[in-house]
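# Below: sequence and its predicted model.
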Amino acid sequence: MEASVQEKYDYIVIGGGVVGAMIARWLSRYEGRLLLIEKEADIGMGCSSANTAIVHAGYDPLPGSLKALMNVRANPMWDQLAGELNFPFERRGDYVVAIGEEELPLVEKLLQQGIQNGVPGMMMIDAGEMRSRERDINPDVSGALWATTGGICDPFQVTVAAAENAVINGATVLLNTKFEDFIWEGNRVIGVKTNRGDFYARWVINSAGIYSDAVMHKAGVRPEFIIKPRKGEYFIFDRAEVQIHNVLFPVPSSRGKGILVTGTLHENTIVGPNGNVIDDKEDTSMTKEGMDELLDGAKKLIPSLNLRHSIANFVGLRPMGNGPCYTPGINYNNDYVIEVPSSVQGFVNLGGIESPGLTSAPAIAEMVVDLMKDAGEEFVAKKDWDPIRPGRPRYAHMTHQERKLLCDMDPRYARVICRCENVTEGEIVAEIHAPVPAHTYDAIKRRTWLGTGRCQAGFDMTRVVAILARELGVSPFEITKRGQGSEYLYRTTKDVEVANVN
Amino acid sequence: MLIKKQYDVVVIGSGPGGLAAAIDAKKSGADDILVIERDVELGGILLQCIHNGFGLQTFKEDLPGPEYAQRYINEARTLGITFLMDTMVMDVTSQRRLYLSSRDFGYLEVDAHAIVLAMGCRERTRAQVRLPGYRPNGVFTAGTAQRWVNVEGYMPGNKFVILGSGDIGMIMARRLTFEGAHVERVLEIQSYLSGLSRNYVQCLEDWGIPLQLNHTIKKIMGKNRVEAIEAVAVDEKWNFIPGTEEVIPCDTLLLSVGLIPENELSKKAGVALDPVTGGPFVDEHFQTSVPGIFAAGNVVHVYDLVDYVSMAGSEAGRSAAEFALAEKARAARYIPLVPGKNVRYIVPHKLDKKALEKGDISLQMRVTRPIEEDVWLEVRGDENSIVRRSERYVRPGEMVTIVLKPKMAAEVEKTGKLTVDIYPKSEA
């Protein structure tokens, strides 16, 4: 990958979240050199890896907003996308559950909003039906909106798969590469300055997520636009103890869609998020208050939930922007910005892509391409563009017979490194050498689900660090959890003099 | 080394419980014993417990963990027990079939007359104590840090705070101090020590490491690597007491907040678990709710001394051997019924030879093709014909029955299988 790094490109995407990865994947269909830069040690380390993993039906966003338009346009794209990119996706449907009679009208209003947004396949179900579909539901349930087109995915794999597909089709992904400024020729953006040198391109696309405001300000675009992180805290539950199959929303409030209880494709149950607006864009800390808030919220839907069975928590910062509504005249100020600003040439500007951003990502990518066409870009489709990103074996999900065949072929797959999630050395090595390589512990974790189980890496950590060091040909001291500054090891034992000097 | 399809006793785990179980199963007469270990060496967690304090009950000696384990390993090797290392048990059924994933032998199926579960326990993690704050590198369980230091030979930090006064945490406090690290503090949310008093004296007090009872962590600070923790005093209901917060700079937080029996495999086998201990319900022989599946050591409940784990392992091993031998003897009494010439199938499929002493046994079968002339229906042993009768014809639509009589018991006793042939008398 590094060998193909050039100075001159046709397209540069700033930011390797799910939106940036999807844009790269869409652009990789066309002739031209494509570069995606990401400031972190892996793609998808921001909001894309800390969300609820839901492909939303589209009844929630305000009618007329770009959020609603993108959501409803993107939702049907997911079946083909999952098939082409080989990531886990299931159209399980979702429920907005009314607890107590007084919440029923709110749910019915949501149904009307969905119809207005053009969401197909929604209906109201009564309390008895909801109880029969989720046996642990609050007995005070009064009814629910059932949206059949809702789905769940593995958002880590979505981002990785989209970026890998771009790489397979000739794109370059540069990690640990931080945008610093634009390079100009008059009012035309002709490149970006980064911590790893200057890169030139005919088009630069801002998909910098929570920092998209800072990037667009460097382009002199929308000086009034700011991103406020909306902090979402989550709990993950042990699948051996808690089994919730459905996607259950409470009735939404002004602060978002509320605290969900939902099954995941890894069969864990997750609870969250809350949605407190904060100032610090790096504040991914879990709070005591947040934990209490989550438990209270979750118990409203599933009263039997016991935090004793929680095995992990995480925090995602959703990039809430103050963009005006896409449809003029509607009083709404948290809409997506997706535009080719008239004041700057060669620049596509995105901002405020919060939820339903994961769902919307393929439609956003499509819209970016269309906007560039409208601005005069003449795309030439690649004759040999390959829509398929091959999946890789997942030992835990295989039958006995499949495992036997795989182990006979490559004995590294027979060596289980993560005891709870049954991830093997073969899978880890494959990810380290994948088209978008995983070079940190967390990068492997996101791709394989290793270390996420009930022992939370207690068993695999020392082994994974050793495998990473061996495969990358570096010392274990250089192996990190999530990039520079998150190393595991300080020195060897018996090196007491070194310790005292420090 | 050849891995067999069938073992008398399979022991899962080669820690103190598993080693003792394997040894005593062998001494109690079980022949084929397989011990499965997921690590590359035998001994389980004892290998990283290089401190002393092991074996005072069993050997009347004060041994370090690896030496304690080695005594059992040596004995087991002398007894000819088979060990399969770097191997994970992926699945166990209640019929005592195991699916193994082994770096050296690939994916294997093995059957056992008896199983001893000896998977030990695992440490409680950060999520179970729900620590607020960031999720940087540098938050490790005490046992993981112990592996880094004592097995891998690396220091995972220089400046430590330890949460929880469990034994592993206190032992690591001393161990890290030996290695030149600074252990700033041990915090314990309860009003009393959770580990052994002797460990408090030898590992904390003697080294001037402060222990703060009724204290916990309010926040972990540092985005990429731990930079500090915020300690706070708690009341008797574990609520934070405002104004008692104290920021302690450190690069590593160790958690020694309890152990949980590791029973994911037990659940797969259908073993019922006690919600209080987290381990299987067992009888006085350590047999679980599934006949032929035994459990020993920390997988049942968390012990304070390794010597008691070994004793439990021995008992489970003896019981498993007894079960396995009875099961093996019962299995040996059975011979298969083999469809021979023109026989499609026979019910029953196998026969308890002893059952014939009690009365008639009728064999029911269907033929493959019709024979419209006089036929012989013949049951043969390995060498001799045991019974033969005639019919005027046989047809697939009509079931055929042959009755074995008690007088044939002596002949049946000698044979390893019974074959039934149906053929025209003209071909006899």
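Perfect, I can see it now.
# For the stretch 251-400 of chain A, which segments count as strands?
A:260-263, A:269-272, A:276-277, A:310-320, A:337-339, A:347-351 (DSSP state E, counting those that start in this stretch).
# To clarify, my last question referred to the stretch 1-150 of chain A.
A:11-14, A:34-37, A:54-55, A:89-90, A:94-99, A:122-126, A:141-147.
# Let me have the ones you listed in JSON lines, extended by mean neighbour count, distance to chain B and mean pLDDT.
For the C-beta atoms, the positions are set from N, CA and C on the backbone; glycine is no exception. Converted to JSON lines, these look like this (neighbours: other CB atoms under 10 Å in any protein chain shown; distance: least, CB to the nearest CB, whole Å; pLDDT from 0 to 100):
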{"stretch": "strand A:11-14", "mean neighbour count": "28", "distance to chain B": "22", "mean pLDDT": "98"}
{"stretch": "strand A:34-37", "mean neighbour count": "27", "distance to chain B": "20", "mean pLDDT": "98"}
{"stretch": "strand A:54-55", "mean neighbour count": "28", "distance to chain B": "22", "mean pLDDT": "96"}
{"stretch": "strand A:89-90", "mean neighbour count": "18", "distance to chain B": "24", "mean pLDDT": "97"}
{"stretch": "strand A:94-99", "mean neighbour count": "26", "distance to chain B": "25", "mean pLDDT": "96"}
{"stretch": "strand A:122-126", "mean neighbour count": "15", "distance to chain B": "33", "mean pLDDT": "97"}
{"stretch": "strand A:141-147", "mean neighbour count": "24", "distance to chain B": "28", "mean pLDDT": "97"}
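# For my notes, please list the strands of the stretch 251-400 of chain A in a markdown table and give distance to A:Ala50 for each entry.
A markdown table is the format used below for the strands of the stretch 251-400 of chain A (distance: least, CB to CB, whole Å):
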| stretch | distance to A:Ala50 |
| --- | --- |
| strand A:260-263 | 14 |
| strand A:269-272 | 10 |
| strand A:276-277 | 15 |
| strand A:310-320 | 3 |
| strand A:337-339 | 22 |
| strand A:347-351 | 19 |
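# need the strands of the stretch 1-150 of chain A in TSV with distance to B:Ala30, can you?
What follows is the strands of the stretch 1-150 of chain A, written out as TSV (distance: least, CB to CB, whole Å):
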stretch	distance to B:Ala30
strand A:11-14	64
strand A:34-37	61
strand A:54-55	53
strand A:89-90	47
strand A:94-99	54
strand A:122-126	58
strand A:141-147	56
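# Just the helices from the stretch 151-300 of chain B, written as ranges.
Per DSSP state H, counting those that start in this stretch, the stretch 151-300 of chain B has helices spanning B:167-178, B:197-199, B:264-268. These are given in chain order.
# closest one to chain A among those?
Nearest to chain A among these is helix B:264-268; the distance by CB to the nearest CB comes to 6.6 Å.
# Mind listing residues that contact that closest one?
A:240, A:420, A:454, B:12, B:89, B:91-93, B:117, B:119, B:273, B:279-280, B:288, B:293, B:295, B:299 (CB atoms under 8 Å, 6 or more residues apart in numbering or on different chains).
# Tell me the gap between that helix and the middle of its chain.
Centroid displacement of helix B:264-268 relative to its chain, using CA atoms, centre = their mean, to the nearest Å, is 9 Å.
# can I have that helix written out in PDB, keeping just the CAs?
The C-alpha trace of helix B:264-268 is given here as PDB (Å, rounded to 0.1, in the frame of the first residue of the first chain):
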ATOM      1  CA  GLU B 264     -19.000 -21.700  28.900                       C
ATOM      2  CA  LEU B 265     -18.100 -25.300  27.800                       C
ATOM      3  CA  SER B 266     -20.100 -26.700  30.700                       C
ATOM      4  CA  LYS B 267     -23.100 -24.900  29.400                       C
ATOM      5  CA  LYS B 268     -22.600 -26.300  25.900                       C
END
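# model confidence over it, on average?
The predicted model assigns helix B:264-268 a mean pLDDT of 95.
# Could you give me the buried positions within that helix?
Buried positions in helix B:264-268, judged by neighbour count with 16 or more other CB atoms under 10 Å in any protein chain shown: B:Glu264, B:Leu265, B:Ser266.
# where do the helices sit along the stretch 1-150 of chain B?
Going by DSSP H, counting those that start in this stretch, the stretch 1-150 of chain B shows helices at B:16-27, B:65-78, B:126-129, B:142-147.
# Can you add mean pLDDT and mean neighbour count and give those helices back as JSON lines?
Listed next are the helices of the stretch 1-150 of chain B as JSON lines, based on pLDDT from 0 to 100; neighbours: other CB atoms under 10 Å in any protein chain shown:
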{"stretch": "helix B:16-27", "mean pLDDT": "98", "mean neighbour count": "29"}
{"stretch": "helix B:65-78", "mean pLDDT": "97", "mean neighbour count": "18"}
{"stretch": "helix B:126-129", "mean pLDDT": "74", "mean neighbour count": "20"}
{"stretch": "helix B:142-147", "mean pLDDT": "96", "mean neighbour count": "26"}
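# Cool, thanks, signing off.
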